[in-house]
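Participant: Okay, sequence plus prediction incoming.
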Amino acid sequence: MKMSNVSSRVKFIALTFVLALALAPAAFAQGGTTTASANTRTVASGQKMTIKGVVTRRDADSFVVQDANGVETTVLLNDRTSVKTKGGFLRGGTNYGVTAILRGLNLEVEGVGDSGGNLVADKIRFNESDLRTARAVTSNVVPVENRVGAAENRIGQVEQNSQRLSGQLDELAAVSNAARGGAKAAQETADAAIGGVNATNERISALDDYQVQNTTSVLFKVGSAVLLPDGKQKLDQVAQQASAAKGYVLEVSGFASADGSTEANRRLSQRRADAVIRYLVENHNIPLRRIITPYGYGEL
């Protein structure tokens with residue numbers, strides 16, 4: 001069996017979370033009543049609506065779109081949601097998985113309101129150029145956000161330790177006053193407690209933002225994005241490791257050989273990355289929020 005010398009790579013790394021940015025275009029409704037207050041749009045149940053804007057937040061099965069007026073709409077995804085690029089051959093466009101919906105992506109959503117005031121997406125359309133821009137932004141923003149998130153976690157831990165030790169110092173001061181003459185011992189204990197805070201700060205500051213636990217390469221047949229039994233077995237092992245971890249994220253990168261055109265290899269590598277993610281989600285219930293945005297790098 002001829003195998004390509006390229007693969008989709010899965011990195012299993014320690015958990016850190018992020019938050020991002022964006023600005024956008026507009027919303028059009030048919031029938032019903034739409035309410036926009038405090039920069040949040042509520043869509044009436046059963047109301048058809050088309051909105052244009054930029055993705056400002058991405059969750060496992062939903063995302064938030066902000067239009068040109070700064071009004072945000074929560075969009076829900078389901079198994080029937082069609083995700084495609086605009087235009088293409090016979091204006092058919094290219095199909096994508098929901099993982100292509102990134103923060104910073106300029107897009108258009110057609111859907112119907114549900115009972116919770118959200119817009120359930122039927123169609124999602126965007127330009128290839130906007131998708132490339134969103135991917136570039138994500139690849140640069142996520143590492144920075146990870147470092148910020150890790151720093152905030154360290155600060156939170158230090159504050160908790162400081163509050164706990166502050167309470168201990170108050171108790172020691174009360175004992176000292178009641179005992180009359182225990183001031184020196186209380187001061188020594190307080191100094192030791194402060195030293196403990198400093199030592200804790202130093203240990204926390206020495207922690208890395210995250211640690212790569214494992215890197216797995218999954219091989220495909222030449223020109224194919226269909227997972228082979230050996231590749232599925234490797235992904236089963238990755239999922240087993242993830243299930244035993246308290247916090248983790250998975251980074252998926254797709255590659256292709258140098259044969260063929262650059263654009264064809266880029267699309268093939270993206271399909272391979274999507275195939276890996278689809279297998280992990282459908283067969284091992286890995287939440288999408290645990291998966292860093294996949295990217296097809298084209299030729300290795």
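Facilitator: Sure, I can see it.
Participant: helix, strand or coil for Glu171?
Facilitator: helix (DSSP: H, G, I helix; E, B strand; the rest coil).
Participant: What count of nearby residues applies to it?
Facilitator: Burial measure for Glu171: 11 neighbouring residues, criterion other Cβ atoms under 10 Å. C-beta: built from backbone N, CA, C; applies to glycine.
Participant: Give me the distance between it and Leu165.
Facilitator: Counting by Cβ to Cβ, to the nearest Å, the gap from Glu171 to Leu165 is 11 Å.
Participant: Start and end of stretch 118-132, how far apart?
Facilitator: The straight-line separation of the ends of stretch 118-132 (Cα to Cα, to the nearest Å) is 28 Å.
Participant: Buried residues of it, list them for me.
Facilitator: If you call a residue buried by 16 or more other Cβ atoms under 10 Å, then stretch 118-132 has these buried ones: 118-121, 124-127, 130-131.
Participant: List the strands paired with the strand or helix carrying Phe220, with their directions.
Facilitator: Counting by DSSP states H and E, the secondary-structure element that holds Phe220 is strand 212-221. Paired strands of strand 212-221, with direction, are strand 3-14 (antiparallel) (DSSP bridges).
Participant: I'd guess Val65 is in a strand, am I close?
Facilitator: Yes. Using three-state DSSP, the assignment for Val65 is a strand.
Participant: State the pLDDT value of it.
Facilitator: The confidence metric pLDDT takes the value 97 at Val65.
Participant: how many neighbours does it have?
Facilitator: Look at Val65: counted by other Cβ under 10 Å, it has 30 neighbours.
Participant: mind listing what it touches?
Facilitator: 24, 51, 53-56, 72-73, 75, 107, 109 (Cβ atoms under 8 Å, 6 or more residues apart in numbering).
Participant: State the pair within these that is farthest apart.
Facilitator: Based on Cβ to Cβ, the longest span within the contacts of Val65 runs between Glu72 and Leu107 and measures 14.1 Å.
Participant: Of these two, give the one with the bigger neighbour count.
Facilitator: Counted by other Cβ under 10 Å, Glu72 and Leu107 do not tie: Leu107 has more neighbours, with 27 against 17.
Participant: Just read off the phi/psi values of the nearest residue to the more buried one once chain neighbours are set aside.
Facilitator: Closest residue to Leu107 in three dimensions, ignoring its sequence neighbours and counting by Cβ to Cβ, 6 or more residues apart in numbering: Phe126, at 4.0 Å. Backbone torsions of Phe126, given as degrees, to the nearest 10, read phi -160, psi 170.
Participant: about what we covered before: and the strand holding Phe220, what's buried?
Facilitator: Of the residues in strand 212-221, those scored as buried under the neighbour-count criterion (16+ other Cβ under 10 Å) are 216, 218-220.
Participant: can you pull out the strands in the protein?
Facilitator: In order along the chain, the chain carries the following strands (DSSP state E): 3-14, 27-30, 34-37, 40-43, 48-58, 62-66, 72-76, 82-85, 106-113, 119-126, 212-221, 248-256, 291-299.
Participant: Ala273 and Ala256 touch, don't they?
Facilitator: No. Using Cβ atoms under 8 Å, Ala273 and Ala256 do not qualify as a contacting pair, with a distance of 10.5 Å.
Participant: want to try JSON lines for the buried residues of strand 212-221, with distance to Ile155 and pLDDT as columns?
Facilitator: Formatted as JSON lines, the buried residues of strand 212-221 follow (distance: Cβ to Cβ, whole Å; pLDDT from 0 to 100):
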{"residue": "Thr216", "distance to Ile155": "34", "pLDDT": "91"}
{"residue": "Val218", "distance to Ile155": "38", "pLDDT": "92"}
{"residue": "Leu219", "distance to Ile155": "43", "pLDDT": "93"}
{"residue": "Phe220", "distance to Ile155": "44", "pLDDT": "92"}
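Participant: Using CSV, lay out these together with distance to Leu288.
Facilitator: Formatted as CSV, those follow (distance: Cβ to Cβ, whole Å):
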residue, distance to Leu288
Thr216, 19
Val218, 19
Leu219, 24
Phe220, 22
